[in-house]
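Student: Have a look at this fold, sequence not included:
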């Protein structure tokens, strides 16, 4: 890579034609197709909402207004998606040349994870090919075994309990404790179960040549069972949403594999502590204070993800609760220091949780209501509904295909549908935890859950599936609804059953735990 600093400014930050950026020309056909189908989708969606609104107004039905509101929220999400994902920023896989040997501190927070997991991560850290580096193992469990392991590798061992301090504010408090024990200009945060590649710093540190860069986030990957049943790979987020966030300077930190500038953290007084986990909130605050975040779209670490449905519930509940607390108590639309584009990029994840937790249950409920009441707002208008909604849906499918770069959006959709109880609970819980009242934090993958827990986890989905399977037949036998209405709604019931079944089956399986994380197996060194 050229040592001319102007190459750096022109290649990654200066505002210019997208085709002059790295992969800009190659990405242009996809981008143009995405814009065309986004415009078509929003046009058809707007026309559908107008038609539906007139139908609901004509019927004066309360459930119809609820259905229209749900469709309107979906349309809002699609509108934000179309705006946010218009442009993606790409970076060269080698990163940027490190022209200054920035001193880096590596923080490894841990709190009771299995010793073998921590050992694998620390041994991989010892192989990182960058200097100067100081490693701080931040053990909130105060484990003598972890202390011995850290010291045997020449790392600093820090423990709040052993220092006579409380474990207040969980991970963010632990990280802030380490800030006072260290002094490196840059800080790499690695979770205890995230095995880093040897070149993680040599590929990320070069971005700090630009003084406004406050943090650089890398893509995360995980050791997953075959088929990735809970979509922990999250290709939509890492492959499309984050590159779009990079374009708008609204990159979301994911808590691990992220390098921060100490001066940027000092400006916001360290890692924010009012949320459960610090990652999203830290990047949110840094961007609102004028710092730039970079998303490096290549995997430089690999770790563990929840492999049971109960673990997925706990993880996604914490993520969505954190995000919805920001939505209710520090909303991007009211956040000073953000541009309108940045506000919409941060809103995207929040609106997706609202759709998953509030809108999908409405869609599940409406056919069931029709079986019971024997009435639907679409009676007599079934053909018109199928025409309007069908055209809107087809355009939406093409829009997703091009916006998400062919990354299996239907799998993401099915997981989002299946996790509706988690997102609904998080939305309502967020209202109960304003600033100053903090929810508890739980470490993932700390235990294997029982057979009873697996059945308990899927009870909400099984209840929905059972009702959609049984109620059409019961309604027909009892004469509650005319056969034509039952047949019309049975199509939607079948689709709902199909969408929810994947998560139910995955949740009932025995967790498929991967082999111990061996960095030689993962990275070949």
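Tutor: On my side now, so go ahead. A quick note: this is a predicted structure, and the numbers were derived from the prediction, not measured.
Student: Return the distance of residue 460 relative to residue 116.
Tutor: 35 Å (CB to CB, to the nearest Å). Placement of C-beta: from N, CA and C, glycine included.
Student: The two: which has the busier surroundings?
Tutor: Higher neighbour count among residue 460 and residue 116: residue 460, with 19 against 10, using other CB atoms under 10 Å.
Student: Quick check: the gap between that one and residue 400.
Tutor: 26 Å.
Student: again, but for residue 379
Tutor: For residue 379, the distance to residue 400 - CB to CB - is 31 Å.
Student: neighbour-wise, which of these two wins?
Tutor: Shown here are residue 379 and residue 400; by other CB under 10 Å, residue 400 has more neighbours (25 against 15).
Student: Check the gap between the residue lying closest to the more buried one once chain neighbours are set aside and residue 428 for me.
Tutor: In space, and not counting its chain neighbours, residue 400 is closest to residue 409: 4.3 Å by CB to CB, 6 or more residues apart in numbering. Computed with CB to CB, the distance linking residue 409 and residue 428 is 27 Å.
Student: Give me the more crowded residue out of those two.
Tutor: Set residue 409 next to residue 428 and count neighbours by other CB under 10 Å: residue 409 wins out with 20 against 13.
Student: which ones are touching the nearest residue to residue 136 once chain neighbours are set aside?
Tutor: Excluding its sequence neighbours, the residue lying closest to residue 136 (CB to CB, 6+ apart) is residue 156, at 4.7 Å. By CB atoms under 8 Å, 6 or more residues apart in numbering, residue 156 lies in contact with 134, 135, 136, 137, 150, 181, 182.
Student: For residue 156, grab phi and psi.
Tutor: Per-residue torsions, residue 156: phi -80, psi 140 (degrees, to the nearest 10).
Student: Please point out which parts of the strand or helix carrying residue 367 sit buried.
Tutor: In this assignment (DSSP states H and E), residue 367 forms part of helix 360-373. Buried positions in helix 360-373, judged by neighbour count with 16 or more other CB atoms under 10 Å: 360, 361, 363, 364, 365, 366, 367, 368, 369, 370, 371.
Student: Looking at these, which is nearest residue 424?
Tutor: residue 361 (6.6 Å; CB to CB).
Student: now that closest one: how far from residue 21?
Tutor: 42 Å.
Student: Also residue 381?
Tutor: Applying CB to CB to residue 381 and residue 21 gives a distance of 48 Å.
Student: and if you look at residue 277?
Tutor: Relative to residue 21, and taking CB to CB, residue 277 is found at 32 Å.
Student: Check residue 153 too.
Tutor: With CB to CB as the criterion, residue 153 and residue 21 are 41 Å apart.
Student: who's more crowded, those two?
Tutor: Neighbours per residue, other CB under 10 Å: of residue 153 and residue 21, the larger number sits with residue 21, 20 against 15.
Student: thinking that one is in contact with residue 89, fair?
Tutor: Yes: applying CB atoms under 8 Å, one finds residue 21 in contact with residue 89, separated by 7.0 Å.
Student: out of everything not next to it in sequence, what's closest to residue 291?
Tutor: residue 214 is the one closest to residue 291 (CB to CB, 6+ apart), at 3.0 Å.
Student: Secondary structure element holding the one you found?
Tutor: Assigned by DSSP H and E, residue 214 falls in strand 213-223.
Student: And that strand, what does it pack against?
Tutor: helix 200-204, strand 258-261, helix 279-288, strand 292-304 (3 or more CB pairs under 8 Å, 6 or more residues apart in numbering; DSSP states H and E).
Student: how big is the angle separating it from strand 292-304?
Tutor: For strand 213-223 against strand 292-304, the angle between stretch directions is 20 degrees (axes from the mean of the first three to the mean of the last three CA atoms, to 10 degrees).
Student: Distance from the chain centre to the next helix or strand after strand 213-223, please.
Tutor: Using DSSP H and E, the next helix or strand after strand 213-223 towards the C-terminus is helix 235-236. Centroid separation for helix 235-236 versus its chain: 9 Å, with CA atoms, centre = their mean, to the nearest Å.
Student: And for stretch 421-433?
Tutor: That offset, for stretch 421-433, works out to 16 Å (CA atoms, centre = their mean).
Student: Then stretch 482-491?
Tutor: Counting by CA atoms, centre = their mean, stretch 482-491 comes out at 37 Å from the chain centroid.
Student: Buried residues, it. List them.
Tutor: Buried-residue list, stretch 482-491, by 16+ other CB under 10 Å: 485, 486, 488, 489, 490.
Student: what does stretch 116-133 give?
Tutor: 117, 118, 119, 120, 121, 122, 123, 124, 125, 128, 130, 133.
Student: Mind checking what secondary structure the fourth one has?
Tutor: Spelled out, it's residue 120. For residue 120, the assignment made with DSSP: H, G, I helix; E, B strand; the rest coil gives helix.
Student: Surely it touches residue 195?
Tutor: Yes: with contact defined as CB under 8 Å, residue 120 counts as touching residue 195 (5.9 Å).
Student: burial measure for residue 464, as a count.
Tutor: Residues near residue 464, counting by other CB under 10 Å: 25.
Student: where's it relative to residue 458, distance?
Tutor: 10 Å.
Student: secondary structure element for residue 275?
Tutor: Using DSSP H and E, no helix or strand contains residue 275.
Student: neighbours of it, just the number please.
Tutor: As a measure of burial, residue 275 has 28 neighbours, counting by other CB under 10 Å.
Student: same question, residue 145
Tutor: Neighbours around residue 145, by other CB under 10 Å: 12.
Student: these two touch, right, it and residue 115?
Tutor: Yes: with contact defined as CB under 8 Å, residue 145 and residue 115 form a contacting pair (5.4 Å).
Student: For residue 108, see how far away the residue nearest to residue 136 is.
Tutor: Applying CB to CB, the value for residue 156 to residue 108 is 10 Å.
Student: would you turn the buried residues of helix 360-373 into JSON lines with pLDDT?
Tutor: Formatted as JSON lines, these follow (pLDDT from 0 to 100):
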{"residue": "360", "pLDDT": "97"}
{"residue": "361", "pLDDT": "97"}
{"residue": "363", "pLDDT": "97"}
{"residue": "364", "pLDDT": "97"}
{"residue": "365", "pLDDT": "96"}
{"residue": "366", "pLDDT": "95"}
{"residue": "367", "pLDDT": "96"}
{"residue": "368", "pLDDT": "97"}
{"residue": "369", "pLDDT": "95"}
{"residue": "370", "pLDDT": "95"}
{"residue": "371", "pLDDT": "96"}
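Student: just curious, which of those is nearest to residue 65?
Tutor: residue 366 (11.9 Å).
Student: Quick one: residues contacting the residue nearest to that closest one when sequence neighbours are not counted.
Tutor: Counting by CB to CB, 6+ apart, residue 67 is the residue found nearest to residue 366 once chain neighbours are left out, at 5.7 Å. For residue 67, the contact set (CB under 8 Å, 6+ apart) comprises 52, 56, 362, 366, 377.
Student: can you redo those as CSV with distance to residue 226?
Tutor: Shown next, in CSV, are those (distance: CB to CB, whole Å):
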residue, distance to residue 226
52, 42
56, 46
362, 34
366, 36
377, 44
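Student: sorry, back to before: can you report how many residues lie near the residue nearest to residue 291?
Tutor: 27.
Student: do residue 334 as well
Tutor: 9.
Student: what does residue 319 give?
Tutor: 21.
Student: Residue 279 too?
Tutor: Residue 279: 22 neighbours (other CB under 10 Å).
Student: next one: phi and psi at the closest residue to it other than its chain neighbours?
Tutor: Spatially, and ignoring its direct neighbours in sequence, residue 279 is nearest to residue 255 (3.4 Å; CB to CB, 6+ apart). When read as degrees, to the nearest 10, the backbone of residue 255 gives phi 90, psi -20.
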